[in-house]
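Q: Only the shape, not the letters, is given here:
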Ligand code: ADP
Ligand code: MG
């Protein structure tokens, strides 16, 4: 099998240098790769319809006898039209082909064939348009349809594939070990390859697909784990006492069940005396991740270790610090804030306190991973809003201790199954419940004609003491001028509708420290209205804000819209999200409808995954996942199965480098090479 990857396509009959070039255009470079060039669709010729049941507009396979010879005629312009009439025991049907002068040689009067095609109707009645056909002996199968390119047709490809399949050895070495195949009822590789191209029944096709999808996701799964499989030390900080109950007493509210479960997961990890915790805590915006992190920090600190809590921006760090230092005020724990903007003397003082162990819990920004920051005994590293940190930064924070436990928090709702692959070796806790006092945000979709009314509504809310956001997408020079730039938009508001109201503007060109100041002032209610591009800080908690108005909503993806909406509805007030768009394209309509119909981030993430693929969660291909040939990231069932098999394989065979997994490892290398990444080692 491996050698087929070195066999050139030109070794196949009917594939010369020119055709091989066309195959390359489709990404197929060898006979081996051709086997993995799966059909994009199938024509099912196994379900045969009677002529009397064929409806106009439908596509059918009929079994019929040629009742006339094929007659060719020349149309004006030189096109050839071929016609024939066929019959079965229920009726007759006309067949029409264009520009194929060989039809009459391929079909014999009185012969019985399968015909496959679409029924159309004109003034002279119904006909089957340009049907494909095959003799009855050959026809009762499912025909593959391939992705094609100019000059290379499905029939060329399927003939090449047929030859390639014949080149497979009697016994194909299967990357998936036999015991695993047996246990999960996966058919063998050779059968799968045969049946994915030329299935005889739907059942065969389904089995082949299941096997190949599972294999591809399994390979991906193992690859991601291998990439991330850290060489972290054998055991993490040794925590004896679970102090989460004592922590809960400090809170002004009761934890939700989901928060309690996430905390329990973490506590189990850190008290197990096993490998260090490696946990992703995922919770929708406003689900209360901070309290979960704080509880675990508390337990760590009460057990004599230090905890570090890293946030992506100064304002978030400051906000967490204010919350946590107030909570822990009457305990013996020492909490500190370490950010870049502190005075040098202040930073020095805090770093000394970290080095000698006086500080138990430090909250900070990137300043935490500066060389100068040294910990006495770091036992837990927490990163908030994980997507803002690279793997390197996470590793740098971990490097500040001796195998500290790791907790990463994310508000990007990634469908669980996908998270399992992307985060590889991270365990996942999901906070899938919002605090009970929360009122779901009411979302509406309006056209630009309603803008005036919405401004009035925002003014009413502000008059009642609330605050509002207006988001207008960034304008690039020369872009359509119906997208107002934030500056101009705000200037307009200040001159007219909101003349007597304090309005602030933040956009891409606002300097970082200026942005921080404005955000802090907004959080302190010194502004009632914040006009911005999408730069509103992720995670900023302004419970008093009750309106989020989004201009040109069609410009945002679902996940982005959901993140923006998450800026409101964080307090006890009824909040509103108003999506403005005059765009009526089906795509936009579908997205905005989903937004109006649910507040559930995971549901939205699933929809987003279906509509746009996984790229949108992380920006263009930032997820670094390779392109898949047959599997689908939205296929939760298969993702779960592959995850289970990966666990099983690694338990059974220990390591991807073990001999039994040699072929599977080669597949991993191949998949990742296709994704433009280096092979693993
Ligand atoms: P996020 O998950 O988006 O980081 P936060 O941790 O910022 O959410 O919490 C959002 C708000 O909800 C905060 O004001 C917090 O005090 C409050 N909160 C968190 N947990 C609860 C709870 N169990 N009951 C009531 N309010 C809560
Ligand atoms: Mg948060």
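A: Arrived safely. Predicted model, so just to flag it, every value in this text is computed and none were measured. Ligands and ions are numbered 1, 2, ... in the order given.
Q: Would you mind listing what in this structure touches ligand 1?
A: 253-256, 259, 283, 285-291, 411, 435, 437, 539, 541, 543, 570 (C-beta under 6 Å from any ligand atom). Glycine gets a C-beta too; all of them are placed from N, C-alpha and C.
Q: Does residue 607 touch residue 594 like I think?
A: Yes: in this structure residue 607 lies within contact range of residue 594 using C-beta atoms under 8 Å: 5.1 Å.
Q: related to what we said a few turns ago, now, the residues of the chain next to ligand 1 that are in helices?
A: 259, 289, 290, 291 (DSSP state H).
Q: OK, contacts around the third one?
A: When contacts are counted by C-beta atoms under 8 Å, 6 or more residues apart in numbering, residue 290 is found next to 320, 323, 324, 384.
Q: Just the ones of these in helices?
A: Among these, the ones falling in helices (DSSP H) are 320, 323, 324.
Q: got the domain boundaries for this structure?
A: Following automatic domain parsing, the chain resolves into domains at 1-45+155-167, 47-140, 171-230+635-681, 244-431, 442-598.
Q: Highest mean neighbour count out of those domains?
A: Comparing the domains of the chain by mean neighbour count (mean count of other C-beta atoms under 10 Å), domain 244-431 ranks first with a mean of 20.
Q: tell me the mean pLDDT over that domain?
A: Mean pLDDT, computed over domain 244-431, is 89.
Q: Check the separation of the first and last residues in it.
A: 17 Å (C-alpha to C-alpha, to the nearest Å).
Q: what about it, distance to the chain center?
A: 26 Å (C-alpha atoms, centre = their mean, to the nearest Å).
Q: got it, and stretch 44-64?
A: 39 Å.
Q: What is the end-to-end distance of that stretch?
A: 16 Å.
Q: circling back: which one of the domains of the chain lies nearest to residue 236?
A: domain 244-431 (3.0 Å; C-beta to C-beta).
Q: hang on, isn't residue 398 packed against residue 405?
A: No: applying C-beta under 8 Å as the test, residue 398 and residue 405 come out as separate, 9.3 Å apart.
Q: pLDDT below threshold where in the stretch 101-250 of the chain?
A: Residue ranges of the stretch 101-250 of the chain with pLDDT under 70: 227-234.
Q: What segments of it are helices?
A: Along the stretch 101-250 of the chain, counting by DSSP state H, counting those that start in this stretch, helices occupy 103-106, 136-139, 154-166, 178-183, 189-197, 202-228, 244-250.
Q: okay if I get these as a markdown table plus distance to residue 268?
A: Formatted as a markdown table, those follow (distance: least, C-beta to C-beta, whole Å):
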| stretch | distance to residue 268 |
| --- | --- |
| helix 103-106 | 70 |
| helix 136-139 | 60 |
| helix 154-166 | 50 |
| helix 178-183 | 28 |
| helix 189-197 | 40 |
| helix 202-228 | 21 |
| helix 244-250 | 11 |
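Q: Compare those and give me the one nearest residue 130.
A: helix 103-106 (9.7 Å).
Q: secondary structure element for residue 340?
A: Under the criterion of DSSP states H and E, residue 340 resides outside all helices and strands.
Q: My guess is it contacts residue 314. True?
A: Yes: between residue 340 and residue 314 a contact is recorded at 7.1 Å, counting by C-beta under 8 Å.
Q: Mutual contacts of these two, please.
A: With contacts defined as C-beta under 8 Å, 6+ apart, the residues shared by residue 340 and residue 314 are residue 365.
Q: what residues are shared contacts of residue 607 and residue 594?
A: Taking C-beta under 8 Å, 6+ apart as the contact rule, residue 607 and residue 594 both touch residue 558.
Q: From the chain's centre, how far out is stretch 657-668? Work that out for me.
A: 27 Å.
Q: coming back round to it: what touches both of residue 398 and residue 405?
A: Shared contacts of residue 398 and residue 405, counting by C-beta under 8 Å, 6+ apart, come down to residue 381.
Q: Could you measure from the closest residue to residue 452 other than its chain neighbours over to residue 261?
A: Spatial nearest neighbour of residue 452, excluding adjacent residues (C-beta to C-beta, 6 or more residues apart in numbering): residue 497 at 7.7 Å. Noted for residue 497: a distance of 46 Å to residue 261, by C-beta to C-beta, to the nearest Å.
Q: Where does the stretch 351-500 of the chain get nearest to ligand 1, residue-wise?
A: Per C-beta to the nearest ligand atom, the residue of the stretch 351-500 of the chain with the smallest distance to ligand 1 is residue 435, at 3.3 Å.
Q: wait, isn't that residue in contact with residue 253?
A: Yes: judged on C-beta under 8 Å, residue 435 makes contact with residue 253 at a distance of 6.8 Å.
Q: gap between residue 107 and residue 74?
A: Residue 107 sits 19 Å away from residue 74, going by C-beta to C-beta.
Q: What of residue 404?
A: 82 Å.
Q: coming back round to it: and which of the contacts of residue 290 is nearest residue 174?
A: residue 384 (44.6 Å).
Q: Pretty sure that closest one sits against residue 320.
A: Yes: if you go by C-beta under 8 Å, residue 384 and residue 320 touch, sitting 7.2 Å apart.
Q: Just read off the phi/psi values of whatever residue of the stretch 451-600 of the chain ends up closest to ligand 1.
A: Closest to ligand 1 within the stretch 451-600 of the chain is residue 541: 4.6 Å, counting by C-beta to the nearest ligand atom. Backbone torsions for residue 541, taken as degrees, to the nearest 10, come to phi -100, psi 110.
Q: quick thing: my sequence starts at 767, can you match it?
A: Okay, residue one is now 767; in that scheme the one you just asked about reads as residue 1307.
Q: isn't it right up against residue 1085?
A: Yes: contact criterion C-beta under 8 Å: residue 1307 and residue 1085 qualify, at 6.1 Å.
Q: what do those two both touch?
A: Both residue 1307 and residue 1085 are in contact with residue 1289, where contact means C-beta under 8 Å, 6+ apart.
Q: Across the sheet, point out what pairs with residue 1144.
A: Taking DSSP bridges as the rule, residue 1144 bridges to residue 1072.
Q: pLDDT score assigned to the residue lying closest to residue 1334 once chain neighbours are set aside?
A: Excluding its sequence neighbours, the residue lying closest to residue 1334 (C-beta to C-beta, 6+ apart) is residue 1341, at 4.0 Å. Here, the pLDDT recorded for residue 1341 equals 96.
Q: what's the overlap in contacts for residue 1150 and residue 1086?
A: With C-beta under 8 Å, 6+ apart, residue 1150 and residue 1086 have common neighbours 1056, 1075, 1077.
Q: Look up how far residue 1170 lies from the last one.
A: Going back to what we said before, that points to residue 1077. Taking C-beta to C-beta, one finds residue 1077 at 17 Å from residue 1170.
Q: Repeat that for the first one.
A: Taking C-beta to C-beta as the criterion, residue 1056 is separated from residue 1170 by 19 Å.
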